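Chemist: when you get a sec, could you give me coordinates for this:
(2 chains)
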Amino acid sequence: MATTITRPKTLIGKAIRRREDPRLITGTATYVEDIKMPGMHYAVVVRSPHAAAKIRSIDTSKAAARPGVVAIFTGQDVSKVGPVPCGASLPGLRVPNHTILATDRVYYAGHPVAVVVATDRYIAADAADDVEVDWEVLKAVADPLKALEPGAPAVHPQWPDNKAFDFHQEHGDIDKAFAEADVIVKQRILSQRLIPTPMETRGVVAEWRAADRALNLYSSTQIPHLLRSMVAQMLGLEENRLRVVAPEVGGGFGCKLNVYAEEALMGFVAMKINKPVKWIETRRENYLTTIHGRGHVDDYELSAKRDGTITGIKLRIIQDLGAYHQLLTPAIPTLSVLMMPGLYKTQNIFADIVGVFTNCVPTDAYRGAGRPEATHGIERMVDILAAELKMDPAEIRLKNFVQPNEFPFPTATGLIYDSGDYAAPLKKALDIAEYEKLRREQSESRKQGRLMGIGMSAYGEICAFGPSPATPAGGWESATVKIEPSGKVTVLTGTSPHGQGEETTFAQIAADELGVDIDDVLVVHGDTALVQYGIGTFGSRATAVGGTAVYFALQDLKAKIKKFGAMLLNSDDVTLANGQCIDNKTGASKSVQEIAAASYRAMQLPPNTEPGMVSTHFWEPPNFTFPFGAHLVVTEVDRDTGAVKVVRYIAVDDCGNILNPLIVTGQVHGGVAQGIGQALYEQAVYDEAGQLITGELMDYAVPKAHMLPWIESDHTVTPTPVNPLGVKGVGEAGTIGCSPAVVNSVVDALSPLGVKHIDMPMTPEKIWKLIRSAQ
Amino acid sequence: MIPQTFDYTAPATLDQALALIAQGAKPLAGGMSLIPMMKLRLAAPEHLVDIGRLKELNYIREDAGALHLGAGCTHYEVETSPLLRGKCPLLSETAAHIGDVQVRNMGTIGGSIAHADPSADYPAALQALEAKIVLRGAQSQRTVAASAFFLDTFATALEPGEIVSEIIVPVEEAGAGASYQKMAQPASGFAIVGVAARLRRSGGKIAMARIGVTGLAGRSFRATAAEKALENTAGSAAEIQAAAALVAQGVEANSDLHASAEYRKHLAAVYAGRALFAALARTA
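Modeler: Have a look, this model is predicted:
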């Protein structure tokens, strides 16, 4: 029977609404907190109120006497549980023993010292208040610069210099570059500690099925499989006896790319009490004990020629690590070094990192993870250089960019940039802004005494983590695609989306490749019992690496469909298009659904072909991808109050091919919001005693909608050759491109007053003081 | 939220509520301050009496040249009341600056002023309006001026067993104009500094000036020196700036993570100027 072939219906590139949204916006999604089990018990963690103290004794008797309290465990009780793992390795790295509960000493405010388990969460909380710890309070140090001073309190007594590691990298001839420079500019630049603040805090439900010797662990995580491997090891449980489920996860931003003490602790508790147990982090605990981001003090030097050519970059990073290494803590600043040349050609670099222990919660990956710090640094420095040379900031960038004909481009830090046309987004942003007209407006407004600023950044990223040799735990990703006997398609991805929309984009890929309706495709993720081993969602990798695995699994299936189709059509020349396998000679066809059914019924099989319609692919990327873009920001500073108003925000991002523009725009918006948060509002502040004084949303200023500008989002498209989808990743782009553009804009606004640099967050009072001291 | 154990009563009448409060129960209105404190276990009342549902405390009416607001009116009701918007727009404008929509839907004017957060918005307007505050206990009722009600940080003229039951503000006369201007703390939305200004012009002169200030010090206050400096002037830009500069004079200002005392004092003058200019522009 001949089939009419309709116009190919492609979904890739279409602004399809996110299929995950209805359950999210109707409040019907299942987060960890929504999981209910018969016999559920509740755990509350008793935490140190001190940043540094010795534990003389812990008295749990009063707490234990409360009716409903089932168990209380302290550090001694969990001594057989392995330490919280650090997945990063650096030469000479000092790794403190990070037990899941403190034993004799605490190292930061919020440090867990005991866990109280009760039949009811209110009883557990009351009993936790009853646990009495006899403290010997010690001197703490919360500032990384003070921690490096001689005589500073030792965070870990065995390492009185508070150094966790020294790291050095250099390339080219930095001494020659600086000796022969026409101009050298220097600046200390801070990237303040930030609190990731996902809407959903962490939470764990653990269920021990003793008869099956099986532990089910539900955790709000970005990495269910890696978590399974590491928690199994910590608990001494065989890995295949542990199932980890990441149910709906309400945001991660990197802070759930980790293995936390409480994840192993709840497993331990469930196995001890033989009942399911739930622990939900409060917002205060989240602020005190979930990782923070950034925490850099960066000293930059740039050498350049009179014409603006950058000849060398020196960078000394002091990284505030906090008291321990979480999963990737010491690795994060090394990403800053990798990214330090930005989009510029120079081959002469020199970088030092000092990793410093402080009596604070550890820092680790937060949206961008090392790359926002690096981009902020180089993009500030380029503006400082432009100001020194009295050059236009756009011109100096265009002069130093790696050129389109130079790809693949080996950087001074050992990366191979994949593809790019770095001038394109910058020129597009300048066009959208009507840059020359804008500068004229600025000149007019300055005559009226107004403080109007125009700032830009040209950013690059390292995304799609990554080639396995360059990552701590394997950088591939996995996918299984199954066509069920009914013809419905199930995609099992090893990534663990938690807001990035892959239930939609991966379905777009599968529907296009197989020619089936998108509503016939289900994307499953986040359950180690259902999904083959995977790595997870972080580092703008899910689509570029995980989507590619889906793509290749689909190619295998298409070949198999054609084999079955040819057999059923009794043809040796078939084409697969629009969900139909067509005999090219007769025009006869069989649908993918019919073929799938036949493959399971298996009345007849093609030669050397197994029944069924399932393919699994593990895709190892040959390189990272390197998205880029340019952001341009117009600000106006209120001369009387110092308040900054973002008047225009133009983001031109090149993330390679775009699978779904709606999702890409959403990612840009969210990233820019967090970038503006860092530039203007957010800072985690510890006092001298190591108390977090921004410990609540009443004091930690996450930007709300009314505090953000309209974002004009546009794109250039430079596909990557690294993967067949041509996609690069966009999850972190907004954050990385944003903060330097905002700061450059405000510095530009204040430049008539002689202001050359401002550290973040640019609070009104800080700006007001700059204005006042200039007057 | 996991507070400590407490009893909860939602009485049908104000008298029943006051009887329980007289026995030591803690009144709960919108819960916008008390509940977060209970969440953090900084407050652990044994018995909460829910007065937020009492119809007796929920009214806005005009009586003998004054506007009477039941303490249970939500910020949203104050913000949107046509009566208030027409006859005492300063209070509606101030309510619109409070928190966010959810807070304005839950929080009440009585609860807010009884809590007496030094950075709350209402006190600036109530000082400028020379509002009267009605306090009721099981056996008592008295009326105090706003200037005598706010004593210090979280401290008011309320005696044990008393609640705020009503707020009385004047109907603005012809020729009056008012404005509330604030710098919001970026995390909480509370006022780093907030200034409410009321002016009335008559015969080309400023016949009356009232300036209420919040956020600057431990308690809200009326900037009487600035008011006096402005009255009987023509309200020129220079005169307004000169008066605004007096607002923070001699004040021991708050200092915290979000603004130093010095900056707050500077902001008080800036926002006083802005509120006065806006108020003047609104005078008929």
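Chemist: chain A contacts on the stretch 151-284 of chain B?
Modeler: Within reach of chain A by Cβ under 8 Å from any Cβ of the partner chain, the stretch 151-284 of chain B has these residues: B:183, B:185-188, B:257-260, B:263, B:266-267, B:270. All C-beta spots, glycine's among them, are computed from the backbone N, C-alpha and C.
Chemist: neighbours around A:V614, how many?
Modeler: Residues contacting A:V614 under the criterion other Cβ atoms under 10 Å in any protein chain shown number 18.
Chemist: which residues sit in contact with it?
Modeler: Applying Cβ atoms under 8 Å, 6 or more residues apart in numbering or on different chains to A:V614 gives the contacts A:T480, A:V481, A:K482, A:I483, A:L557.
Chemist: so A:Q683 touches A:L190, yeah?
Modeler: No. Counting by Cβ atoms under 8 Å, A:L190 is not a contact partner of A:Q683; they are 9.7 Å apart.
Chemist: find residues that contact each of these two.
Modeler: Common contacts of A:Q683 and A:L190, defined by Cβ under 8 Å, 6+ apart, comprise A:M760.
Chemist: how is chain A carved up into domains?
Modeler: A:39-138+A:199-251+A:256-289, A:142-195+A:292-402, A:467-619 (automatic domain parsing).
Chemist: ok so, going back, between the contacts of A:V614, which is nearest chain B?
Modeler: Taking Cβ to the nearest Cβ as the measure, chain B lies nearest A:T480 of the contacts of A:V614, at 41.1 Å.
Chemist: ok, the strand or helix carrying the closest one: who's next to it in the sheet?
Modeler: A:T480 is part of strand A:477-483 when elements are defined by DSSP states H and E. Sheet pairing for strand A:477-483, assigned by DSSP bridges, gives strand A:489-493 (antiparallel), strand A:614-619 (antiparallel).
Chemist: with mean pLDDT as extra columns, can I get these in a markdown table?
Modeler: Shown next, in a markdown table, are these (pLDDT from 0 to 100):
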| stretch | mean pLDDT |
| --- | --- |
| strand A:489-493 | 98 |
| strand A:614-619 | 98 |
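Chemist: tell me the contacts of the single nearest residue of chain A relative to chain B?
Modeler: Of the residues in chain A, the one nearest chain B is A:A701, at a distance of 3.8 Å by Cβ to the nearest Cβ. A:A701 sits next to A:G677, A:Y681, A:E682, A:P761, B:Q185, B:P186, B:A187 when contact means Cβ under 8 Å, 6+ apart.
Chemist: can you put those residues in a markdown table and add neighbour count and distance to A:G726?
Modeler: Output for the contacts of A:A701, formatted as a markdown table (neighbours: other Cβ atoms under 10 Å in any protein chain shown; distance: Cβ to Cβ, whole Å):
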| residue | neighbour count | distance to A:G726 |
| --- | --- | --- |
| A:G677 | 26 | 31 |
| A:Y681 | 19 | 36 |
| A:E682 | 25 | 34 |
| A:P761 | 22 | 37 |
| B:Q185 | 20 | 46 |
| B:P186 | 23 | 40 |
| B:A187 | 20 | 41 |
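Chemist: so what's the residue lying closest to A:H41 once chain neighbours are set aside bridging to?
Modeler: Nearest residue to A:H41, sequence neighbours excluded (Cβ to Cβ, 6 or more residues apart in numbering or on different chains): A:V277, at 4.6 Å. Taking DSSP bridges as the rule, A:V277 bridges to A:H41, A:A206.
Chemist: hmm, A:V277 is touching A:V44, no?
Modeler: No. When contacts are counted by Cβ under 8 Å, A:V277 is not listed as touching A:V44 (10.8 Å).
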